[in-house]
Each structure stands twice: as C-alpha cells, then as structure tokens.
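1. Build me a structure from this.
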Amino acid sequence: MAALMELAAIDAGTIETLRLRLCDERVAATEAIESSKRVMANLLDARRDAADDEHDPEGPTVGVQYAESSALLQNSRHHLDQVNAALGRMTSGTYGGCELCGTEIPLARLEARPFAAHCVRCAQVVGA
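-> A predicted model of the protein is given here:
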C-alpha cells in the first residue's frame, strides 16, 4: 500500500467541519441501528401472534418487512463502520488519503462523503 498523505494537507477548519459531520453521522447510524433492532423485534412478536400473513391481501408480509428491516440494519452497521474508520484516520493523521493508492482524495469527495476511504478512481475499482 502506498504511503498515505498527512492530515495537514487539509486545513484544520475543514477537518473540524468534516469531523463534526462524521460525529453526526455516527449518531444517526447508531439510532438507525437501534430503530431497526426494535422494528425487527416487534415484527418477530407480531409473527408469533399472527395467523397466516403470507396470504393477507392487505399489505406486505411480516417476512418481507423483516427482510427489509434486516437489510436496513446491515446497511446502517456498515455505514457506522465506515464513519468510525474515517474518525480513526483523522486521529492517526491519514484522513484524506486513498487507502489503496495513497493519493489525495479530492476535498469535494470528502465533503460529499466524509467517510470516503478511496479516491474516485480506486473507489470505482473496489466498488465503494
């Protein structure tokens, strides 16, 4: 892996703004995780109490709703991992450098996705 750029390449005010956004995203992701867990628990309770919801013409089945909530939970956990990793890069002084090639991640990308770990070219390669 190429050497990553130093944190000093991005001015301190911008870093602080991005750090605050990441902290807000961490709170939102944590709340989404807890909400998904509650929804899934309620759906399991409803499934235990329900008769045959597989043939209910009134809406989606409990199984479908559970699958949707499970996917949301997985996505929220992944996002939280990305946010925590970005905050870790800030602490270690490697934030703003591509983890694959070591080049600088454009500030516009970091402003759009403050948890970005790859430059645009490498993100396309790894599908991030």
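
2. Heading C-terminal from the longest helix along the chain, find the next helix or strand.
-> Looking across the chain with DSSP state H, the single longest helix is helix 12-49. Per DSSP states H and E, the first helix or strand lying C-terminal to helix 12-49 is helix 62-92.

3. Report the buried residues of that following helix.
-> 62, 65-66, 69, 72-73, 76, 79-80, 82-83, 86-87, 89-90 (16 or more other CB atoms under 10 Å). Quick note: C-beta positions are derived from backbone N, CA and C, even for glycine.

4. What of stretch 111-125?
-> In stretch 111-125, counting by 16+ other CB under 10 Å, buried: P114, F115, A116, A117, H118, C119, C122, A123.

5. what's the answer for stretch 93-109, then?
-> Within stretch 93-109, judged by 16+ other CB under 10 Å, the buried ones are T94, Y95, G96, G97, C98, E99, L100, T103, I105, R109.
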